[in-house]
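Trainee: Predicted structure and sequence below. I'll ask about it afterward.
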Amino acid sequence: MLRYMRLSPWMIRYVRPLLFRAGSLVLLTAIFGAGEVTARHSMVHQRNEQLTPIQRELERQRQRLKSEDVEDRRDALMRLGNLKRTDASRIAAGGLTDAAPIVRVAAAHAVLSLPQADAARLLIPLLQDKIEFVRRETAYALGETRSHSAAAPLESVLLNDKETGVCAAAAVALGEIGDESSVQSLSEILSGPPDKKKKAKGTNEFVMRAAARSLGQIRSRSSVGVLIAALTNDANDSDVKREAATSLGLIGDPSAAPALQAAFASGDPYLSQAARAALRRLRAAKN
């Protein structure tokens, strides 16, 4: 710019040092500014280097849970669940309130590495979800927790949910948990509710079969009578009878022997086989 200006020697004498100083300040600012940015990046890189590989993986999936893409969030939860770690399940718990049902379901299975009671506490509210798919998968997940605190909520679902798939999942979960307090609700599914005017979930063979199987897993002798009744009721589906026979064998009460002998002589080869296996269990328990 100076070459276009006609400066007197006096002006040049005083302006030139000022321009030099200004240029130096600009240069120093640029140098130190760039150094500050470089130092900041270096600190971030250093922190990342200090993380273990598993910590870096957890952080990657935590960031993916913020994605706007549903499939990306679902995949992140599946990866967290596959890690089988408590810290991974804590991160996954955030997905339980996701707007997308498929993400909520993925989160329900991803929190199972938490302590039993903690996982159950987080999952129980999802039994009231508006989406059948979410309620059903939550029931299965609660069974995997083995938490006895989930028994009562699952019994309520078993007896009151309008969807057969959800009721069956609740019955399966109760068998996995194995709380003896659930025997009454499961028995009601096999025999029907005390109030006959009330529609029974037991009219669905799939739910009845799940209930019969779960009674065998719980192994309470108080369920022997209802299982014998289910086994000897000709109106019941063959699959229900087979599960009842198997459960009687697991419980091992000798009072079931006559009913099992009759089932062994039945024309249904699969029922006969289940009854024979149950009778062997009874004899083994007696010896």
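Mentor: Thanks, I have it. Numbering: from 1, shown residues only.
Trainee: My read is that Leu250 contacts Ala284, right?
Mentor: No. Here Leu250 does not reach Ala284: they are 11.6 Å apart, not a contact under C-beta atoms under 8 Å. Bear in mind the C-beta positions are built from the backbone N, C-alpha and C, glycine included.
Trainee: more neighbours, the two?
Mentor: Leu250 (16 against 10; other C-beta atoms under 10 Å).
Trainee: rewinding a little: joint contacts of Leu250 and Ala284?
Mentor: Common contact partners of Leu250 and Ala284 (C-beta atoms under 8 Å, 6 or more residues apart in numbering): none.
Trainee: Any idea how many residues pack against Ile228?
Mentor: Ile228, neighbours per other C-beta under 10 Å, totals 19.
Trainee: From the chain's centroid, how far away is stretch 181-192?
Mentor: 25 Å (C-alpha atoms, centre = their mean, to the nearest Å).
Trainee: Please enumerate the helices of the stretch 51-200 of the chain.
Mentor: Using DSSP state H, counting those that start in this stretch, the helices found in the stretch 51-200 of the chain span residues 53-64, 70-82, 86-92, 101-110, 116-123, 132-145, 151-160, 164-177, 183-191.
Trainee: from what I can see Ala278 touches Ala245, true?
Mentor: Yes. Ala278 is within contact range of Ala245, at 5.0 Å (criterion: C-beta under 8 Å).
Trainee: between the two, which one's more packed in?
Mentor: It is Ala245, of Ala278 and Ala245, that has more neighbours when counted by other C-beta under 10 Å, with 31 against 28.
Trainee: Ser272 versus the more buried one, what's the distance?
Mentor: Distance from Ala245 to Ser272, counting by C-beta to C-beta, to the nearest Å: 9 Å.
Trainee: With Ser223 instead?
Mentor: For Ser223, the distance to Ser272 - C-beta to C-beta - is 23 Å.
Trainee: Repeat that for Ala257.
Mentor: Taking C-beta to C-beta, one finds Ala257 at 15 Å from Ser272.
Trainee: Over to Glu243?
Mentor: From Glu243 to Ser272 the distance is 15 Å (C-beta to C-beta).
Trainee: and those two? which has more neighbours close in?
Mentor: Glu243 (26 against 16).
Trainee: Is it correct that the more buried one is in contact with Arg209?
Mentor: Yes. Counting by C-beta under 8 Å, Arg209 is a contact partner of Glu243 at 5.0 Å.
Trainee: Just the mean pLDDT for the host helix or strand of Ala244, thanks.
Mentor: Element membership for Ala244, per DSSP states H and E: helix 238-251. Helix 238-251 carries an average pLDDT of 97.
Trainee: Mind listing what's buried along that helix?
Mentor: 239-251 (16 or more other C-beta atoms under 10 Å).
Trainee: Over to stretch 277-287?
Mentor: Ala278, Leu279, Arg281, Leu282.
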